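Enquirer: everything below, folded, please.
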Amino acid sequence: MGVLFGTDGVRGVANRELSPELAFKLGRAGAHVLARDGSGTGVVIGKDTRISGDMLESAMVAGVCSAGVNVLQVGIMPTPAIAFLTRDLKAAAGVVISASHNPVEDNGIKFFGPSGYKLSEALEAEIEALVRDDCAHVPSPVGKAVGHTFQVRDAAGRYEQYACGTVNTDLKGLKIVVDCANGAAYYVAPRIYSRMGAEVVPVFNHPDGLNINDGCGSTHPEALMEAVVARGADLGLAHDGDADRVLAVDAGGRLVDGDQIMLICARHLKDKGMLANNTVVVTVMSNLGLHLALKDSGIKVVETKVGDRYVLEELLRTGAVFGGEQSGHIIFLDLNRTGDGILTALQLLSVMKESGQSLEELAGWMERLPQLLENIPVSDKQTVMSSPVLAKAIAEEEKMLNGTGRVLVRPSGTEPLIRVMVEGRNKKQLQEITGRLAKVIKEL
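Expert: Numbering: from 1, shown residues only. The predicted model follows:
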């Protein structure tokens, strides 16, 4: 067994790497570590719509209960809703069974602490050590000390009420096409936007266990781009499988990515005096155009490694409250403890309403420089990334760019991929660089 926890929990092909046996052990170990002081109402467990969710949830529930801890089941629910419900229900921990934007055969298990934050690496390591030891040191109580399961019938209503209370304006007059990715947002997202007064056209909101992220959602926004134009909508919103991300589409069918959304919201927060430390935290994947636009707006930028956990760590370290990723995974720390696609969308929509500007006008504040990204499947990410051949190739390409762009080669935190990103003003040159680096990686 290799390292279990990646940058976003435990991921793998369901019923293979992520087996019911492993889920059972994670439930036992997680309950023991996170609820050992006896505080909290139990462990909140939710999931997305993929077919393997029931299997893994059953195993996880059994593991938690076998450790003598109660389970609060909330059913299909967005990841950020689990973070909120963990706090709202005063639980000892929260668990999300989801692989986010990954294909249906994948699944994942992610923990939240009682405050709704993802676990520290130290706590993850403690849970992992118990799992490796087959939970030999986790007590197995009997009789009345065994954990119970409870269905939280009003879980969706609690989150909906909370989300609607995060903005001070209604959405009347806006027509929105909402791509639910056939995922965890399929039910609550359209209800929330409708409740706020918008005319909502939901699409990809009929999950069947197999169609999550299939040609839809924030990783495949093409159908949404067409639908916005065809329906004459003011904009479109694309969530991913677990709804912790959102991308937008303007009335002309043009994609508005996380960088542009961050700029729009950062400027709005600054104007209202709510941008703590006048700082936005972004990752190395953010477009150079965002850096330039934030600088022009008098806003400081702090850069981190890719991954929302690193964005969150930097927010907490610096005292900033806002940051995120180009993928649309954006954190409003004053509102939730993790990225929340629905809350982000509500903030973006409130800027449109309060400013009276269209999404196209707001997105035009930033010039997005050409940025090419290629994902290369590999069998051993560490071997490829540590190769001096690759290091030399990257150095040569950076020298060729001569300060007019940048090259970023990094391993995916959740998939067996090496990601090559090249940015600059000459698209033809970027294509050539990307091709050469991809060739090197494939040969390695």
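
Enquirer: can you list the domain ranges for the protein.
Expert: Domain assignment for the chain by automatic domain parsing gives 5-154, 172-254, 258-363, 371-443.

Enquirer: run the chain-centre distance for the third one.
Expert: It refers to domain 258-363. What separates the centre of domain 258-363 from the centre of its chain is 14 Å, taken as Cα atoms, centre = their mean, to the nearest Å.

Enquirer: hmm, G258 and A363 touching each other?
Expert: No - using Cβ atoms under 8 Å, A363 is not in contact with G258; the gap is 11.6 Å. From N, CA and C alone the C-beta is placed, and that goes for glycine too.

Enquirer: have a look at those two and say which one is more surrounded.
Expert: G258 (27 against 22; other Cβ atoms under 10 Å).

Enquirer: helix, strand, or coil at the closest residue to the more buried one other than its chain neighbours?
Expert: Residue nearest to G258 in three dimensions, not counting chain neighbours: G328, with 4.0 Å by Cβ to Cβ, 6 or more residues apart in numbering. The three-state assignment at G328 reads coil, by DSSP: H, G, I helix; E, B strand; the rest coil.

Enquirer: so G328 sits against Q260, correct?
Expert: No - assessed by Cβ under 8 Å, G328 is found out of contact with Q260, at 10.0 Å.

Enquirer: looking at the two now, which is surrounded by more residues?
Expert: The neighbour comparison of G328 against Q260 (other Cβ under 10 Å) goes to G328, with 30 against 27.

Enquirer: ok, the more buried one to S358 distance?
Expert: According to Cβ to Cβ, to the nearest Å, G328 stands 19 Å off from S358.

Enquirer: what do you get for V43?
Expert: For V43, the distance to S358 - Cβ to Cβ - is 44 Å.

Enquirer: ok, the two, which is more surrounded?
Expert: V43 (30 against 15).

Enquirer: could you give the mean pLDDT of stretch 309-319?
Expert: Averaged across stretch 309-319, the pLDDT comes to 95.

Enquirer: show me where the stretch 201-350 of the chain has strands.
Expert: With DSSP state E, counting those that start in this stretch, the ranges of strands along the stretch 201-350 of the chain come out as 235-239, 246-250, 255-256, 279-283, 300-304, 322-324, 330-332.

Enquirer: with mean neighbour count added, can I get the ones you listed in JSON lines?
Expert: Listed next are these as JSON lines, based on neighbours: other Cβ atoms under 10 Å:
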{"stretch": "strand 235-239", "mean neighbour count": "30"}
{"stretch": "strand 246-250", "mean neighbour count": "28"}
{"stretch": "strand 255-256", "mean neighbour count": "22"}
{"stretch": "strand 279-283", "mean neighbour count": "25"}
{"stretch": "strand 300-304", "mean neighbour count": "17"}
{"stretch": "strand 322-324", "mean neighbour count": "28"}
{"stretch": "strand 330-332", "mean neighbour count": "25"}
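
Enquirer: out of those, which is closest to S98?
Expert: Among the strands of the stretch 201-350 of the chain, the nearest to S98 by Cβ to Cβ is strand 235-239 (12.3 Å).

Enquirer: for the closest one, output the C-alpha coordinates as PDB.
Expert: In PDB, the C-alpha atoms belonging to strand 235-239 read as follows (Å, rounded to 0.1, in the frame of the first residue of the first chain):
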ATOM      1  CA  LEU A 235     -25.200  33.500 -18.400                       C
ATOM      2  CA  GLY A 236     -24.500  29.900 -17.600                       C
ATOM      3  CA  LEU A 237     -23.000  28.200 -14.600                       C
ATOM      4  CA  ALA A 238     -21.000  24.900 -14.800                       C
ATOM      5  CA  HIS A 239     -20.500  22.900 -11.600                       C
END
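
Enquirer: now do it: everything it contacts.
Expert: 78, 174, 176-181, 183, 185, 189, 193, 216-218, 221, 224-225, 227-228, 245-251, 328, 341-342, 345, 352, 359 (Cβ atoms under 8 Å, 6 or more residues apart in numbering).

Enquirer: hey, where'd the strands end up in the stretch 51-200 of the chain?
Expert: Using DSSP E, counting those that start in this stretch, strands in the stretch 51-200 of the chain cover 71-76, 93-97, 106-112, 149-151, 175-179, 199-203.

Enquirer: what lines up beside the first one in the sheet?
Expert: The sheet places strand 71-76 alongside strand 43-47 (parallel), strand 149-151 (parallel), with pairing taken from DSSP bridges.

Enquirer: which of those strands sits most buried?
Expert: Burial of those is given as mean neighbour count (mean count of other Cβ atoms under 10 Å); strand 43-47 ranks first at a mean of 28.

Enquirer: show residues contacting that one.
Expert: 30-31, 34-35, 53-54, 56-57, 60-61, 64, 69-77, 79, 81-82, 85-86, 89, 91-98, 112, 152, 155, 184.

Enquirer: from what I can see H220 touches I212, true?
Expert: No - using Cβ under 8 Å, H220 is not in contact with I212; the gap is 11.4 Å.

Enquirer: which one of those two has more residues nearby?
Expert: Legend: neighbour count by other Cβ under 10 Å for H220 and I212, higher for I212 (32 against 17).

Enquirer: can you name the residues that contact the more buried one?
Expert: Contacts of I212 by Cβ under 8 Å, 6+ apart are D48, T49, R50, V104, A181, N182, G183, G241.

Enquirer: measure the residue nearest to G258 to I376 for me?
Expert: Taking Cβ to Cβ, one finds G328 at 23 Å from I376.

Enquirer: please apply the same query to Y187.
Expert: 36 Å.

Enquirer: show me the helices in the stretch 151-300 of the chain, by range?
Expert: 155-164, 188-195, 222-231, 258-271, 288-296 (DSSP state H, counting those that start in this stretch).
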